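Enquirer: prediction below, plus the sequence it came from.
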Amino acid sequence: MVGAYKLLEQNGYVFSRAGSGSYVAESTGRPDDESPAGTAADTVEVMPNRPVPASGIDFATVMPPPDLLPIDDFKNILIEVLDRDKGNAFSYQDSQGFQPLRGAILTSAGDQDPG
């Protein structure tokens, strides 16, 4: 995460103030803008509870935009797993790995059942 902020700072998108936090430089919309980032008049403080503009990325939540998530696929897979494993879907697997996967690997390698 620190590397990402350093890269953003190098490209003039953000700047940091010791003891104060990280700030987003206001964009003028001109790619050739040579004005220095970091003056209070042209910045917006990043706050976790402040709404992020539609064109922005919310680094506080580390969450992709909801419209990018394949909800129907997740729902179908979750239903399939719950139908198959019932309450065991919420337990930890064997420390040696998922038994059906281990068996499939051994079968494809020509070995015996892992038993």
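Expert: Arrived safely, thanks for sending. Treat the numbers as computed from the prediction; the structure is a model and nothing was measured.
Enquirer: now do the helix or strand harbouring I77: distance to the chain's middle.
Expert: Following DSSP states H and E, one finds I77 within helix 71-85. Offset of helix 71-85 from its chain centre (C-alpha atoms, centre = their mean, to the nearest Å): 22 Å.
Enquirer: quick one: buried residues of the next helix or strand after that helix?
Expert: Once the chain leaves helix 71-85, the next helix or strand it forms, by DSSP H and E, is helix 99-109. Across helix 99-109, burial judged by 16 or more other C-beta atoms under 10 Å covers no residue at all. Backbone N, C-alpha and C define where each C-beta goes, glycine included.
Enquirer: domain map for this structure?
Expert: According to automatic domain parsing, the chain comprises the domains 2-63, 70-109.
Enquirer: what's around F90, how many residues?
Expert: Around F90 there are 8 other residues, counting by other C-beta atoms under 10 Å.
Enquirer: about what we covered before: comparing the domains of the chain by mean pLDDT, which bottoms out?
Expert: Looking at those, the lowest mean pLDDT belongs to domain 2-63 (a mean of 67).
Enquirer: how about S55, secondary structure?
Expert: coil (DSSP: H, G, I helix; E, B strand; the rest coil).
Enquirer: isn't G12 up against A25?
Expert: Yes. Using C-beta atoms under 8 Å, G12 is in contact with A25, at 5.9 Å.
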